[in-house]
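> need a structure here:
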Amino acid sequence: QAAGRLPEARDILLELLSRLGPEASTRLLAAAHLSLRLTSLAALSRVAARLEDRELARRSIQEGLGLWAAARIARPRVRDLAAFAEWEEWARRYLAALP
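Okay, the predicted model is just below:
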């Protein structure tokens, strides 16, 4: 993504998310799964937005916001992660600007 190879970044992130699946395989892996999936969705949403793929950006944002909300409820200290708070702010602005 940083090198400007956005289509490749999109494909890699989509592959990662498909391999992760929507839920952790065990309770023990739940926190790691949530972190990896949320980080991947946040990156994918920005890549998709830069590629002007509004539907992929919207889907990634909606799932990411759901995971972010669940993480903040389950682990109140997660609220301190400035990077996700910044992404959430960007994501909500992006969604609000969509037709």
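
> CA atoms for contacts and neighbours, from now on please.
Fine.

> which element is the spatially most central residue of the chain on?
Nearest residue to the geometric centre of the chain (Cα atoms, centre = their mean): Leu41, 2.1 Å. For Leu41, the host element (DSSP states H and E) is helix 30-50.

> Compute the distance between Arg50 and Ala42, please.
Taking Cα to Cα, to the nearest Å as the measure, Arg50 falls 13 Å from Ala42.

> out of those two, which sits in the more crowded spot?
Set Arg50 next to Ala42 and count neighbours by other Cα atoms under 10 Å: Ala42 wins out with 24 against 14.

> And that one, how far from Arg27?
Distance from Ala42 to Arg27, by Cα to Cα: 23 Å.

> could you measure the nearest residue to Leu65 once chain neighbours are set aside against Arg46, distance?
Leaving out its chain neighbours, the residue that sits closest to Leu65 by Cα to Cα, 6 or more residues apart in numbering is Glu88, at 6.9 Å. Distance, Glu88 to Arg46, by Cα to Cα: 11 Å.

> Looking at these two, which one has more neighbours?
Using other Cα under 10 Å as the criterion, Glu88 and Arg46 rank with Arg46 on top: 23 against 18.

> How about the contacts made by that one?
Ala57 (Cα atoms under 8 Å, 6 or more residues apart in numbering).

> Mind doing that once more with 10 Å?
By Cα atoms under 10 Å, 6 or more residues apart in numbering, Arg46 lies in contact with 1, 6, 10, 52-53, 56-57, 60-61, 87, 90-91, 94.

> before we move on, what SS does Leu67 have?
helix (DSSP: H, G, I helix; E, B strand; the rest coil).

> Repeat that for Gly4.
Secondary structure state of Gly4, per three-state DSSP, is coil.

> What pLDDT does the model give it?
With respect to pLDDT, Gly4 scores 76.
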